[in-house]
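Q: Here's a sequence, model it:
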Amino acid sequence: MQQSASTGLENIVPKAVRSCLAHSSRLPYNWGKKLRDLVAGICLSRSLMLQSIAQTRSQPVKTTENVLSQFLGQKRLKMSKQQRRCVERALKRLPRRRIWKHNGKVAVLIDSTAHAKCRSRGKKRPMPGKGKVRLHNLPADETVLVPGYQEIWVCLLLDDQTVLPITRRLWSENGPECASLNLVEEAVIREATDFIKKVLKLDVILVADSGFRRKELLHWLKKSEKMDFVIRLEGKLTVALDEAKCLLAEAGPWWRKRVRMQWRERSKHVMLSDVASRRVTVVTEARKKVSFNALCLTPVGVEKDPMFLATTLTTEGVADLIRIVRLYSWRWGIETFFGKFKNALGARSWRVFSSWRAIDNLLTAAHMAYMVLAMLAEFAEQGRTTALRRLWGWMEEMLRTRFARPPKMTLGRFMRLIAMDFPSPCPAGVAA
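A: Model (predicted):
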């Protein structure tokens, strides 16, 4: 069913793309227009598969794949500045009240996601710079490694516990920038921090899972970057308590319980835990000491091991402990973002295997498309213009007609409803 005449997506989406990706004299020829067309195509087609993008052209699929791969693989196509400008424009237009803040600081979440190699169906086309990534969500606990890439993301936490992606970096141990993963993580953190300080004029609080529990990283954040953090620790970490050394898992359950609270409120499995805190010290591999507050969360009524958090935030009052635990629980917003980015934008499946640069540029274009759709959803909900109010009303009507109990409109549903305005095989705005 074609709805372009009523929603006007053929005009709204390209206009939003042009506002976020202004003309740049740094790109040669008409590459700026081609880049904006690519981002608009990703927004409308809801897929990064070249077979879907090829539906907007009259050429064969293979020809379109080769042309797009060649365009994205050009050395002169430097999309990092375009990406940074797109994120900066989006942040400046986002109301400050939508950003979560504590004592004049914003929270940024860092995590990595894996891009496993797509099924080749017998084709022998090589995957450039491929490394090894772990497959997740398997029924067994075994570790399965497959060819693929890692992508490190840093996202800004919003007041509704959703996130907005700020920076990203594609990495592989066999890629062209094959520095250690630890150095890449530090570079991404510093880049995101500098960007937020420049645009928002605010300091940051880093929130991370146990994958970023390195003692050297804790020392670097506190001593070198002067940055607050909330990072999950492993119980087998050796710490110093009152001049005595022990494991967190052995000492934490015996600390004085200060508050009992429920957290993971938005999860199906709400957790009730006793929270305790102590000041601890660890020694890095370079024999450098770093002290921080450690929180021990002991589950109540279930047979689960305690969880530990490292933080530089104050833990003097009960309200401070509750804030730290909830801030870490909101880290799940970045996992939700990964799901929307891969599923709604189709980033699980792409076939630009001509070069590492082409793959990185295509994912960069998908990042800019996500920012465009996020801002479009924000302005449509606020009813900034008549066209956006009409678009939002049409989407709410679609939810009411398709569900007996209409769910709340979210960014993921917004993306999927825009996809319904792109009937195959015609592009949006063209009558079927």
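Q: Show me the helices in the stretch 201-350 of the chain, by range?
A: Secondary structure of the stretch 201-350 of the chain by DSSP state H, counting those that start in this stretch: the helices cover 215-219, 248-251, 318-329, 332-339.
Q: wait, what's in contact with residue 285?
A: The neighbourhood of residue 285, defined by C-beta atoms under 8 Å, 6 or more residues apart in numbering, consists of 215, 216. For the C-beta atoms, the positions are set from N, CA and C on the backbone; glycine is no exception.
Q: Got the phi and psi for it?
A: Note on residue 285: backbone dihedrals following degrees, to the nearest 10 are phi -60, psi -30.
Q: Quick check: the gap between it and residue 194.
A: 27 Å (C-beta to C-beta, to the nearest Å).
Q: Likewise for residue 39?
A: Distance, residue 39 to residue 194, by C-beta to C-beta: 25 Å.
Q: these two touch, right, residue 166 and residue 193?
A: No. The criterion here is C-beta atoms under 8 Å, and residue 166 misses it with residue 193 at 9.6 Å.
Q: okay, now residue 336: neighbour count?
A: With neighbours defined by other C-beta atoms under 10 Å, the count for residue 336 comes to 16.
Q: re earlier: which neighbours do residue 166 and residue 193 share?
A: Common neighbours of residue 166 and residue 193 (C-beta under 8 Å, 6+ apart) are residue 108.
Q: Counting neighbours, go ahead and name the busier of the two.
A: residue 166 (27 against 20).
Q: Might you list the low-confidence residue ranges for the stretch 151-300 of the chain?
A: 265-268 (pLDDT under 70).
Q: Strands along that one, start to end?
A: In the stretch 151-300 of the chain, the segments counted as strands under DSSP state E, counting those that start in this stretch are 163-171, 203-208, 228-233, 238-241, 244-247, 259-263, 271-283, 289-299.
Q: Same check on the stretch 301-432 of the chain?
A: Secondary structure of the stretch 301-432 of the chain (DSSP E, counting those that start in this stretch): strands at 307-311.
Q: Which of the helices of the stretch 201-350 of the chain sits closest to residue 11?
A: helix 332-339 (27.8 Å; C-beta to C-beta).
Q: mind listing what's buried in that closest one?
A: Neighbour counts using 16 or more other C-beta atoms under 10 Å place 332, 333, 334, 336, 337, 338 of helix 332-339 among the buried residues.
Q: between the strands of the stretch 151-300 of the chain, which gets nearest to residue 345?
A: strand 163-171 (11.4 Å).
Q: Report the angle between that closest one and helix 332-339.
A: 60 degrees (axes from the mean of the first three to the mean of the last three C-alpha atoms, to 10 degrees).
Q: Other residues contacting strand 163-171?
A: 87, 90-91, 94, 108-109, 149-158, 177, 181, 184, 187-188, 191-192, 195-196, 333-334, 336-337, 341, 356, 359-360, 363-364, 367, 370-371, 374.
Q: Are any of the residues you listed buried, and if so which?
A: Buried among these (16+ other C-beta under 10 Å): 87, 90-91, 94, 108-109, 149-158, 181, 184, 188, 191-192, 195-196, 333-334, 336-337, 341, 356, 359-360, 363-364, 367, 370-371, 374.
Q: Would you confirm that residue 174 contacts residue 133?
A: No. Taking C-beta under 8 Å as the definition, residue 174 is not a contact partner of residue 133, at 11.7 Å.
Q: Just give the closest residue to residue 203, not the sequence neighbours.
A: Excluding its sequence neighbours, the residue lying closest to residue 203 (C-beta to C-beta, 6 or more residues apart in numbering) is residue 105, at 4.7 Å.
Q: quick one: that neighbour and residue 332, what's the gap?
A: Remark: distance between residue 105 and residue 332 (C-beta to C-beta) = 20 Å.
Q: tally of neighbours for residue 201?
A: Around residue 201 there are 8 residues (other C-beta under 10 Å).
Q: just use 25 as the starting number from now, easier for me
A: Understood, numbering begins at 25; the last thing we discussed is residue 225.
Q: where does it sit relative to residue 333, distance-wise?
A: Distance of residue 225 to residue 333, given as C-beta to C-beta: 28 Å.
Q: With that, I have no additional questions.
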